[in-house]
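Asker: Provided below for reference: sequence and predicted model.
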Amino acid sequence: MATTQGLDTIETPASAPGANGSPGPQPKLKRELGLWTATALVIGNMIGSGIFLLPASLAATAGPISILGWVFTGVGAMLLALVFARMGRAYPKTGGPYVYARKAFGDFVGFWTAWSYWLNAWVGNAAIAIAFAGYLAVFWPDASTYWIATLIAIGLVWLLTFVNLMGVRAAGRLQLVTTILKFVPLLVIGVVGLFFMHGSNFHPFTLTHGFDWGLSSAALLTLWAFIGLESSTIPAEEVKDPGKTIPRSTIIGTGATTIVYLISTIALFGMIATPALAKSTSPFADGANVIFGGTAGGKVIAVVAMVAIFGVLNGWILLQGRAPLGAAQDGLFPKKFAEVDGKRGTPVFGIVASSVLITILLALNFSQKTSVVNLFTDVIIIATLTALIPYVFSAAAEIYLLFADRASFSGVNLTRSTVIALLALAYSCWAIWGAGYKPIAEGFMLLIAGIPIYIWLKWEGFRDAAASGSPATHGAAAPVQGGNGASH
């Protein structure tokens with residue numbers, strides 16, 4: 001099983017052998033995601049549990065200075081969006097960050113990227129489902145207790161798992177509807193809330209007095225709300241006209257989301273005192289109550305929040321089955337993850353297996369009897385770290401491929417693109433550092449846990465190649481067509 005290094009070809013799903021090297025075509029994914037659906041996937045996968053519950057986590061962790069964390073993170077997110085826009089145009093293949101990392105650095109880095117992104121997908125989904133229970137508590141106070149919140153989260157995960165098993169068209173339509181339903185109300189609350197702010201709520205501006213006043217910690221937490229900016233690159237082979245649709249949806253989605261995040265966070269910190277905001281399980285509902293008085297406005301926003309979280313969980317369950325799909329088709333993930341349902345064009349095993357792991361994670365956290373906000377914060381730190389690894393490798397891959405595979409980036413300004421990729425790489429590394437030693441250690445151990453699986457996959461490939469008497473060929477099939485028409 002030869003290691004694919006440097007600019008070796010990357011096989012397409014249509015010609016991919018199974019993970020054991022067995023020949024035969026696989027069912028193809030269906031191109032059913034247009035510009036607006038792809039943009040809704042990007043926006044919808046970012047606007048969810050992050051913005052709706054993060055203000056409470058930020059108020060408890062850093063205080064109003066976390067507003068600057070949004071600024072830094074917004075700039076960093078746009079840099080990363082530009083990286084993914086160019087890479088998605090050049091290499092429109094299912095797997096996104098995995099594809100870029102493997103093409104630049106070979107099989108092991110490719111596997112590690114796919115492994116890390118897949119961990120981020122299902123671990124993050126656990127946090128998203130928990131946030132839904134937090135907003136349900138506006139109508140049903142018992143929903144904020146640890147065991148009821150856990151049961152609600154598990155039920156929601158499986159409901160949307162079944163929706164996604166119906167196919168990408170059904171999931172995409174649901175994503176478009178929920179994105180519209182949540183985007184406009186959030187923007188309205190943010191803009192109107194600016195007129196109800198009190199300057200005293202911004203004092204003290206920071207809760208800590210370290211050399212960065214807690215800004216790094218705030219930036220890591222805010223980055224959680226931007227995880228998903230690369231969403232349209234993951235199901236690339238299900239996107240119509242991917243060379244144009246992927247970069248456009250990535251830039252439009254990230255830019256619009258950044259504006260909503262910044263305005264709404266400033267408004268919330270200005271309307272609600274930091275100690276009260278830190279204890280809130282539904283910050284936007286509390287903000288709406290300040291604007292409209294009573295509790296009616298808060299209940300409306302709570303419904304919007306639940307719709308938003310419902311939508312973002314739907315989008316990420318779609319991705320949790322597709323994140324390892326490309327790697328599995330290349331023999332760099334267990335072969336069951338490469339299976340695609342012939343009728344619906346859906347990676348059934350990948351979706352179901354990931355949802356089983358989400359259920360286990362939620363059940364384990366249930367045993368700790370922690371609060372909804374604390375559980376949400378703990379889970380998103382690990383999920384964010386596992387997402388940053390693919391971001392680091394994607395930015396580094398672009399820097400390398402801009403020079404090593406210049407034909408795939410025709411029409412791209414080399415100097416400007418390199419500077420942007422370098423800044424995106426630096427930002428991702430800074431965000432990892434901001435997590436602190438303990439989360440970094442825990443995240444690194446999760447990455448290390450994948451190495452035995454990689455060794456097993458390589459051994460299995462060499463064994464099957466020896467049995468067939470042919471050279472090992474992980475990923476040595478037809479070349480991928482780049483977004484500009486060049487083959488690689």
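Answerer: Structure's in. What do you need?

Asker: Got the phi and psi for L229?
Answerer: Dihedral angles phi and psi of L229 (degrees, to the nearest 10) take the values phi -60, psi -20.

Asker: what about the closest residue to it other than its chain neighbours, neighbour count?
Answerer: Leaving aside its sequence neighbours, L229 sits nearest to T254 (Cβ to Cβ, 6 or more residues apart in numbering; 4.7 Å). From N, CA and C alone the C-beta is placed, and that goes for glycine too. As a burial measure, T254 scores 26 neighbours (other Cβ atoms under 10 Å).

Asker: pretty sure T254 is in contact with M78, am I right?
Answerer: Yes. Counting by Cβ atoms under 8 Å, M78 is a contact partner of T254 at 5.9 Å.

Asker: who's in contact with the residue nearest to L229?
Answerer: Counting by Cβ atoms under 8 Å, 6 or more residues apart in numbering, T254 touches 42, 46, 77-78, 81, 226, 229.

Asker: Compare these and tell me which is most surrounded.
Answerer: Result: V42 is most packed of the contacts of T254 (other Cβ under 10 Å), 29 neighbours.

Asker: Secondary structure element holding that one?
Answerer: helix 35-46 (DSSP states H and E).

Asker: got a list of contacts for that helix?
Answerer: Against helix 35-46 from outside (Cβ under 8 Å, 6+ apart): 33, 172-173, 175-176, 178-180, 182-183, 225-229, 231-232, 235, 239-240, 244-246, 248-250, 252-254, 256-257, 311-312, 314-316, 318-319.

Asker: Might you calculate how far that helix sits from the centre of the chain?
Answerer: Computed by Cα atoms, centre = their mean, to the nearest Å, the chain-centroid distance of helix 35-46 equals 12 Å.

Asker: Sort out which residues of it are buried, please.
Answerer: 35, 37-46 (16 or more other Cβ atoms under 10 Å).

Asker: Assign a three-state SS to F333, would you?
Answerer: coil (DSSP: H, G, I helix; E, B strand; the rest coil).

Asker: before we move on, the earlier item: can I get the buried residues of helix 35-46 in CSV with pLDDT?
Answerer: Output for the buried residues of helix 35-46, formatted as CSV (pLDDT from 0 to 100):
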residue, pLDDT
L35, 85
T37, 84
A38, 86
T39, 86
A40, 84
L41, 82
V42, 87
I43, 87
G44, 80
N45, 79
M46, 83
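
Asker: And the contacts of the least confident helix or strand in the chain by mean pLDDT?
Answerer: Among the helices and strands of the chain, helix 215-224 carries the lowest confidence by mean pLDDT, DSSP states H and E, at a mean of 75. Residues outside helix 215-224 that contact it (Cβ under 8 Å, 6+ apart): 50, 54, 57-58, 61-62, 65-66, 68-70, 72-73, 76-77, 124, 261, 377, 380-381, 383-384, 388, 430-431, 433-436.

Asker: now do 6 Å
Answerer: 50, 57-58, 61-62, 66, 69-70, 72-73, 380, 384, 431, 434-435 (Cβ atoms under 6 Å, 6 or more residues apart in numbering).

Asker: rewinding a little: which of the contacts of helix 35-46 count as buried?
Answerer: Using 16+ other Cβ under 10 Å, the buried ones in those are 33, 172, 175-176, 178-179, 182-183, 225-229, 231-232, 235, 239, 245-246, 248-250, 252-254, 256-257, 311-312, 314-316, 318-319.

Asker: Which ones among those lie within helices?
Answerer: 172, 175-176, 178-179, 182-183, 245-246, 248-250, 252-254, 256-257, 311-312, 314-316, 318-319 (DSSP state H).

Asker: How about the contacts made by the closest residue to L33 other than its chain neighbours?
Answerer: Nearest residue to L33, sequence neighbours excluded (Cβ to Cβ, 6+ apart): V239, at 4.7 Å. Applying Cβ under 6 Å, 6+ apart, one finds that V239 lies in contact with 33, 38, 245-246.

Asker: Make TSV from the residues you listed and add distance to I451 to it.
Answerer: Listed next are the contacts of V239 as TSV, based on distance: Cβ to Cβ, whole Å:
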residue	distance to I451
L33	34
A38	34
T245	36
I246	31
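
Asker: so which one among those residues has the lowest pLDDT?
Answerer: Minimum pLDDT for the contacts of V239 is recorded at L33 (76).

Asker: what's the angle from the longest helix along the chain to helix 215-224?
Answerer: Secondary structure of the chain per DSSP H: the longest helix is helix 372-404. Here the directions of helix 372-404 and helix 215-224 differ by 80 degrees (axes from the mean of the first three to the mean of the last three Cα atoms, to 10 degrees).

Asker: Could you identify the helix or strand that succeeds helix 372-404?
Answerer: Downstream of helix 372-404, the first helix or strand assigned by DSSP H and E is helix 414-433.

Asker: Tell me which other helices or strands that next one touches.
Answerer: helix 66-90, helix 215-224, helix 372-404 (3 or more Cβ pairs under 6 Å, 6 or more residues apart in numbering; DSSP states H and E).

Asker: quick one: that helix to helix 66-90, angle?
Answerer: Per the same axes, to 10 degrees, the angle that helix 414-433 makes with helix 66-90 is 130 degrees.

Asker: that older thread, let me know the closest of the contacts of V239 to I301.
Answerer: The closest of the contacts of V239 to I301 turns out to be A38 (Cβ to Cβ; 27.3 Å).

Asker: Identify the residue spatially nearest to T73, adjacent ones excluded.
Answerer: T73 sits nearest to T222 (Cβ to Cβ, 6+ apart), 4.2 Å away.

Asker: ok, the closest residue to N45 other than its chain neighbours to L80 distance?
Answerer: Excluding the flanking residues, the one nearest N45 by Cβ to Cβ, 6+ apart is G228, at 3.2 Å. Computed as Cβ to Cβ, to the nearest Å, the G228 to L80 distance reads 11 Å.

Asker: likewise V71?
Answerer: In terms of Cβ to Cβ, V71 sits 15 Å off from L80.

Asker: what do you get for I272?
Answerer: For I272, the distance to L80 - Cβ to Cβ - is 30 Å.

Asker: Repeat that for F337.
Answerer: 25 Å.

Asker: before we move on, what about A421?
Answerer: 9 Å.

Asker: So what does the residue nearest to the spatial centre of the chain look like in phi/psi?
Answerer: The chain has G228 as the residue nearest its centroid, 3.4 Å off, counting by Cα atoms, centre = their mean. Here is the backbone geometry of G228 (degrees, to the nearest 10): phi 120, psi -10.

Asker: Same question for I227.
Answerer: Torsion angles, degrees, to the nearest 10, at I227: phi -60, psi 120.

Asker: does it really touch L385, like I thought?
Answerer: No. Using Cβ atoms under 6 Å, I227 is not in contact with L385; the gap is 10.5 Å.
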